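Q: starting from these lines, generate the structure:
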Amino acid sequence: MIALGCDHGGYNLICAVKKYLDEKGIEYKDFGTYSTESVDYPVYAYKVATAVANREFEFGILCCGTGIGISIAANKVNGIRAAVVNNEFGAEMTRRHNHSNILCMGGRVTSEEDAVKFTDIFLNTPEEGGRHDCRLAMVDEIENGTFEVE
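A: Take a look at the predicted model:
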């Protein structure tokens, strides 16, 4: 199941993503917002990120005007790897190499068609292990305050 959230700048984009998920029969929970009326993106980033971090949902998708602000807020929650994606390659690599668990996109910089493509790629790309596992362990150490540079 997927956790969804957006602010006013990402509302139209998340609507396109919801239509795609409905067509594919993929379950989701929409944490809001539910209109283009101005709201504060950290509220929705926090709701989705904590739900993903608590393993209530496998993945999250967040949208704001650029994807940047909402990704910064989401990444403040331990266990979250939220990535702003602006192209198909990025959508693939953020899953394959970085094991990202939240996809972030911007309604003012990404078309609805591209958002659906990026969502499809993100949800269907497997994680690679190998050399990436060591690097991701370092990221975890940074997050936990235990990282040391030799």
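
Q: so which residues of the chain form strands?
A: 2-6, 28-30, 59-64, 82-84, 102-106 (DSSP state E).

Q: between those strands, which one is closest to residue 91.
A: Of all those, strand 102-106 sits nearest to residue 91, with 7.1 Å by Cβ to Cβ. C-beta coordinates here come from the backbone N, C-alpha and C atoms, glycine included.

Q: re the thing from before, which one, of the strands of the chain, ends up nearest to residue 146?
A: Nearest of those (Cβ to Cβ): strand 82-84, 21.4 Å.

Q: helices and strands of this protein: which one bottoms out on pLDDT?
A: The weakest-scoring helix or strand in the chain, judged by mean pLDDT, DSSP states H and E, is helix 131-144 (a mean of 86).

Q: and that helix, what's buried?
A: Neighbour counts using 16 or more other Cβ atoms under 10 Å place no residue of helix 131-144 among the buried ones.

Q: adding mean pLDDT, write the strands of the chain out as JSON lines.
A: As requested, the strands of the chain are exported to JSON lines (pLDDT from 0 to 100):
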{"stretch": "strand 2-6", "mean pLDDT": "98"}
{"stretch": "strand 28-30", "mean pLDDT": "98"}
{"stretch": "strand 59-64", "mean pLDDT": "98"}
{"stretch": "strand 82-84", "mean pLDDT": "98"}
{"stretch": "strand 102-106", "mean pLDDT": "98"}
